[in-house]
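Colleague: no sequence on this one, just coordinates:
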């Protein structure tokens, strides 16, 4: 229905239950890579499972507690970005991402996340944007750095996943910091 260009033949679009077949094909291409840190790939192993994952996020969007957004590269779904724990009343939201290997190394997540954070701060009045990632997930932590986030701390062994307890790094950026960084970026473009 609508798409936001991220440049270089990439688009950010809503990812909805009717995309289940495309979402499943994407997960099949990148399942091993995605499953390193992201559990929903393990749950969507057939069309029904894919639809259920997407429906859960559609329900979150309807409840204003989260949302899922796909990243399309040259017309193919290669990953996505999301809001979870979206709490407009208290001005807090968590963001996250995932990619299949074909989408990596292009800055797609960073560019898409800027769109999501702009929306959260400017349209929804979110004050604190949080990024939580496994301490071993260097590409994800690098996105938090590129977005200008501050490392708040580590939740030691807080994430039991695939038989291992992972440390979780918590990063954040506050609305005034985001606006200031965005203002510096705009001025440096001229």
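Modeller: Yep, that arrived. If you're wondering where the values come from, they're calculated on a predicted model, not measured in any experiment.
Colleague: sec struct for residue 53, please.
Modeller: helix (DSSP: H, G, I helix; E, B strand; the rest coil).
Colleague: Check the spacing between it and residue 181 real quick.
Modeller: 33 Å (Cβ to Cβ, to the nearest Å). C-beta here means a position set from N, CA and C on the backbone, and glycine is covered the same way.
Colleague: Which of the two has more residues huddled nearby?
Modeller: residue 53 (21 against 14; other Cβ atoms under 10 Å).
Colleague: What helices and strands are in contact with the helix or strand bottoming out on mean pLDDT in the chain?
Modeller: For the chain, counting by mean pLDDT, DSSP states H and E, helix 40-43 ranks last in confidence among helices and strands (a mean of 74). Counting contacts by 3 or more Cβ pairs under 8 Å, 6 or more residues apart in numbering; DSSP states H and E, helix 40-43 packs against helix 20-34, helix 47-63.
Colleague: and of those helices, who's closest to residue 73?
Modeller: Of all the helices and strands packed on helix 40-43, it is helix 20-34 that lies closest to residue 73, at 10.7 Å by Cβ to Cβ.
Colleague: Residues contacting stretch 168-188, please?
Modeller: For stretch 168-188, contacts defined as Cβ atoms under 8 Å, 6 or more residues apart in numbering pick out 91, 117-118, 121, 126-135, 141, 144-145, 147-155, 158-159.
Colleague: out of the residues you listed, which are buried?
Modeller: 91, 117, 121, 126, 128-134, 141, 144, 147-149, 159 (16 or more other Cβ atoms under 10 Å).
Colleague: in this protein, what spans have low per-residue confidence?
Modeller: The chain contains residues with pLDDT under 70 at 1, 185-190.
Colleague: That one: helices as residue ranges?
Modeller: 20-34, 40-43, 47-63, 108-118, 138-146, 175-188 (DSSP state H).
Colleague: so of these, which one's packed in deepest?
Modeller: Mean neighbours per residue, mean count of other Cβ atoms under 10 Å, is largest over the helices of the chain for helix 108-118, with a mean of 20.
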